[in-house]
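1. give the three-dimensional model of this entry:
(2 chains)
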Amino acid sequence: MKSRVRELREACGWSQAQLGTRLDVSRQTINAIETGKYDPSLPLAFRIAREFAEPIESIFLFEDVP
Amino acid sequence: MDASSARFPLRVVSVLLLAAAIAVRLLVPTAPEWASGLILLSAVAVGVMAMSRRATACDGAPRALQRRYTRDVLLGMGAYTVLLFVSLLLLRSVEAPALRALIALLPVAPIALVLRAMVHFIRGVDELQQRIEFEAVCIAAALVAFAYMTAGFLQAARVIDVPASAAMLWVFPLLCGTYGIAKAVIARRYR
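-> Numbering: from 1, shown residues only, chains lettered A, B, ... in the order given. Take a look at the predicted model:
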């Protein structure tokens, strides 16, 4: 799943480690979400949305596989 | 404690177990052959666990959690090595079945502590690391079960003849080693 996490994080001036600390996850988890290798759980996705004060659907872009 | 220093004690445990395997072979000539083999396999398993931590996302686990895990594994494996020595030495002179059972089970207690440390660690890491751990444990369990079933068929057909005690004792070190390798491979997907 594509996401705007990297774009939003960089706009806030945070490193991956800093965002990880704010969300109580590891830097590696943030990196995996940003690169689309890992889809976060619903609770974590909501925490990310709350951290950036954006609606969840504007951060995570679901692509239906045909 | 950074990631490299967190890995250091596990490597030390691996080397100590290796030395213990050699010591059992040289200093306790009456010890059964599987004893040194088992310690050697434990050394390999801990070594693989230490190496796999380098390749996995668990480097990102909270430092307090890493510290506690490393400390508990260190203490558990250290106590295991000492108690295995004590157990082997005492079993040479004790004949009463009940007492022999008690002495034979001495090394099991610290292994239970290591298992407890592993469960605490898995419960304490974040969701991505939990997924990696879960997949690694599943794959390791499946591979070891497959290997044992294969060996079981060969044993039943009298193609091989592995002593039952050795086969049972090697389950846990094999599981740890396979789990370490599986974790390193799975974690690469998320890097």
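2. what residue in chain A comes nearest to chain B?
-> residue A:26 (2.7 Å; C-beta to the nearest C-beta). All C-beta atoms are positioned from the backbone trio N, CA, C, and that covers glycine.
3. what's the spacing between that residue and residue B:133?
-> 13 Å (C-beta to C-beta, to the nearest Å).
4. between these two, which contacts overlap?
-> Counting by C-beta atoms under 8 Å, 6 or more residues apart in numbering or on different chains, the contacts common to residue A:26 and residue B:133 are residue B:125.
5. and the lengthiest helix in chain A, anywhere near chain B?
-> Ranked by residue count and defined by DSSP state H, the top helix of chain A is helix A:42-52. Yes: Helix A:42-52 reaches chain B (C-beta under 8 Å from any C-beta of the partner chain) through residue A:44.
6. where does chain A have low pLDDT?
-> Residues of chain A that meet the criterion pLDDT under 70 lie in A:64-66.
7. near chain B, which residues of it?
-> Residues of chain A lying near chain B (C-beta under 8 Å from any C-beta): A:20, A:24-29, A:31-32, A:37-38, A:40-41, A:44.
8. tell me the buried residues in the host helix or strand of residue B:153?
-> According to DSSP states H and E, residue B:153 maps onto helix B:127-156. For helix B:127-156, burial by neighbour count (16 or more other C-beta atoms under 10 Å in any protein chain shown) applies to B:128-129, B:131-133, B:135-137, B:139-140, B:143-144, B:148.
9. quick one: that helix to helix A:42-52, angle?
-> 160 degrees (axes from the mean of the first three to the mean of the last three C-alpha atoms, to 10 degrees).
10. show me what helix B:127-156 is packed against.
-> helix A:27-34, helix B:108-124, helix B:171-188 (3 or more C-beta pairs under 8 Å, 6 or more residues apart in numbering or on different chains; DSSP states H and E).
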